[in-house]
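Q: Take a look and give me a structure for this.
(one chain, ligands or ions: 2)
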Amino acid sequence: MSELEKYRVAPDSPVKLKDFDPDDTSLIGDKEAAKEASAKLQERLAALQEVLFAEHRKRVLILLQGMDTSGKDGAIRHVMGGFNPQGTRIESFKAPTEPELERDFLWRVHMKVPANGEIVVFNRSHYEDVLVVRVHDLVPSSVWKPRYQQINDFERMLVESGTLVIKLFLHISKSEQKKRLQARVDDPTKRWKFQHSDLEARKLWSDYQKAYEAVLQKTSTQSAPWWVVPANAKWYRNYLVASIVEQELAKLQMSYPEPDLSGVAID
Ligand code: AMP
Ligand code: MG
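A: Ligands and ions are numbered 1, 2, ... in the order given. This is a model prediction of the structure:
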């Protein structure tokens, strides 16, 4: 069994986030070793993406969730770093627009899923519809409660139609978030990311942790499991995200198409 498995959430298992240590760096010795390993992983990821694109049959959806400052942008930069921009796409989900609110919550999401040969990374996702929406009471519970099952059904349909779905929760501690938000305020190159809603969400930290526990417990399925990535150390987060994505892509057993070359003579 792969050593990564301890980060995969088993279906229907009770989840307590305090059982997951955000400071955990147990799979690799130190920052230097992780950086070296990550560079090699990026090369392997690039090769896997190339064959995915060439084969043009499978689809890959990598979905990132986490509190503000948990490192979603950083993880995307790292894991996408080796990919050919052709065949990859990043989709960020913000508060829904009017036309989006006038439709079911999966409408805007479904439009963005990967096509054959494509890798799409979701920076936030339909999970916001049972996270921010639940914590801030944006719709009644009679509306958000059925969404867990609706999400499972939607994702199963994606998987059954040839999509690999990798769901990553970047797990940071409240004290690490404090440091990162402070850096966001202090550092002129990071300040643009600061939003007042970051502080509103921070005030409701324990409600968010509970809402994340419900997500992990109810929507980690056999076909689309969640991975909890300890993310207090950025180098470990990057190493782990790359390792998980590489492991799961390798399982697709892809190969380059073999066009018929009979009768081909190049003079
Ligand atoms: P950011 O990822 O920092 O650019 O922020 C995007 C913001 O959009 C976050 O505060 C999310 O909680 C919010 N958001 C994303 N999806 C939804 C949704 N379905 N309903 C309400 N807010 C959302
Ligand atoms: Mg933000």
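Q: Around ligand 1, pick out the residues from the stretch 1-150 of the chain.
A: By the criterion of C-beta under 6 Å from any ligand atom, the positions of the stretch 1-150 of the chain lying close to ligand 1 are 93, 94, 95, 96, 124, 128, 129, 132, 133. Quick note: C-beta positions are derived from backbone N, CA and C, even for glycine.
Q: Which of the residues you listed are buried? Put it as a PyMOL command.
A: Buried residues among those (16 or more other C-beta atoms under 10 Å), as a PyMOL selection:
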select buried, resi 93+96+124+128+129+132+133
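Q: Secondary structure for the residues of the stretch 1-150 of the chain next to ligand 1 - can I get that in TSV?
A: Supplementary listing: these in TSV, determined by DSSP: H, G, I helix; E, B strand; the rest coil:
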residue	secondary structure
93	coil
94	coil
95	coil
96	coil
124	coil
128	helix
129	helix
132	helix
133	helix
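Q: The helix or strand containing residue 32 packs against which elements?
A: Assessed by DSSP states H and E, residue 32 sits inside helix 31-55. With contacts defined as 3 or more C-beta pairs under 8 Å, 6 or more residues apart in numbering; DSSP states H and E, the packing partners of helix 31-55 are helix 72-80, helix 234-250.
Q: What count of nearby residues applies to residue 243?
A: Per other C-beta atoms under 10 Å, the neighbour tally for residue 243 reads 23.
Q: Let me fix that, I meant to ask about residue 98.
A: 6.
Q: what about it, distance to ligand 1?
A: From residue 98 over to ligand 1 the distance is 13 Å, taken as C-beta to the nearest ligand atom, to the nearest Å.
Q: now do residue 89
A: Relative to ligand 1, residue 89 is positioned 17 Å away (C-beta to the nearest ligand atom).
Q: Identify the spatial nearest neighbour of that residue, chain neighbours not counted.
A: Spatially, and ignoring its direct neighbours in sequence, residue 89 is nearest to residue 120 (4.9 Å; C-beta to C-beta, 6 or more residues apart in numbering).
Q: re earlier: ok, then the element right after the helix holding residue 32?
A: From helix 31-55 onward toward the C-terminus, using DSSP H and E, the following helix or strand is strand 59-66.
Q: Can you tell me the strand partners of that following strand and which way each runs?
A: Partner strands for strand 59-66, per DSSP bridges, with pairing direction: strand 119-123 (parallel), strand 163-171 (parallel).
Q: The first one versus helix 234-250: what angle between them?
A: Read it as strand 119-123. Using axes from the mean of the first three to the mean of the last three C-alpha atoms, to 10 degrees, the inter-axis angle of strand 119-123 relative to helix 234-250 is 140 degrees.
Q: next one: strand 119-123 to chain centre, how far?
A: Taking C-alpha atoms, centre = their mean, to the nearest Å, the mean C-alpha location of strand 119-123 is offset from the chain mean by 7 Å.
Q: With the longest one instead?
A: Here strand 163-171 shows a centroid-to-chain-centroid distance of 4 Å under the convention C-alpha atoms, centre = their mean.
Q: Now the helix holding residue 32: buried residues?
A: Applying a neighbour-count criterion of 16+ other C-beta under 10 Å, the buried positions in helix 31-55 are 34, 37-38, 41-42, 44-45, 48-53.
Q: got the residue ranges for the helices in the stretch 151-267 of the chain?
A: Using DSSP state H, counting those that start in this stretch, the helices of the stretch 151-267 of the chain run over 174-186, 196-203, 205-219, 234-250.
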